[in-house]
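> Give me the fold of what follows.
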Amino acid sequence: MTVNPKLKDELTDQLVKAILLLRTEEECYQFFEDVCTIGEIKALAQRLEVAGMLKRRHTYEEIVERTGASTATISRVKRCLYYGADGYNIVLTRLEEQLAQGGDNETK
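Alright, predicted model coming up:
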């Protein structure tokens, strides 16, 4: 799938390249704390958890209970999970593979 042309520009390219340079969880925490508000980081984390729970076929009720996400957020994540750019599926599959290998694959 090609990148959405509404998203891709020189500044976004720079952000993506910067993220790819991060090597450890600690570096990721440091970078995202500087770039995002805590609320934005928590919202991203919540959406990823919602996507994982949807993929594992949890109900909306279970997802709301565990994550506190609104049903609107769950619906949006579900739409992206099944009809989006496949980003959630790429990450969720890699997280599952990493868990199955018994490691966190963090470079120190």
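> alpha carbons only for contacts and neighbour counts from here, please
OK.
> now for the lengthiest helix in the chain, which elements pack on it?
If each helix of the chain is counted by residues according to DSSP state H, the longest one is helix 38-55. On a contact count with 3 or more C-alpha pairs under 8 Å, 6 or more residues apart in numbering; DSSP states H and E, helix 38-55 meets helix 60-67, helix 71-83, helix 87-100.
> looking at these, which is closest to T24?
helix 87-100 (15.0 Å; C-alpha to C-alpha).
> what's the angle from that closest one to helix 38-55?
Orientation of helix 87-100 against helix 38-55 (axes from the mean of the first three to the mean of the last three C-alpha atoms, to 10 degrees) gives an angle of 80 degrees.
> now V35: how far from I41?
Separation of V35 from I41 (C-alpha to C-alpha, to the nearest Å) stands at 9 Å.
> correction: T24
When distance is defined by C-alpha to C-alpha, T24 is 17 Å away from I41.
> Could you do Y83 as well?
According to C-alpha to C-alpha, Y83 stands 24 Å off from I41.
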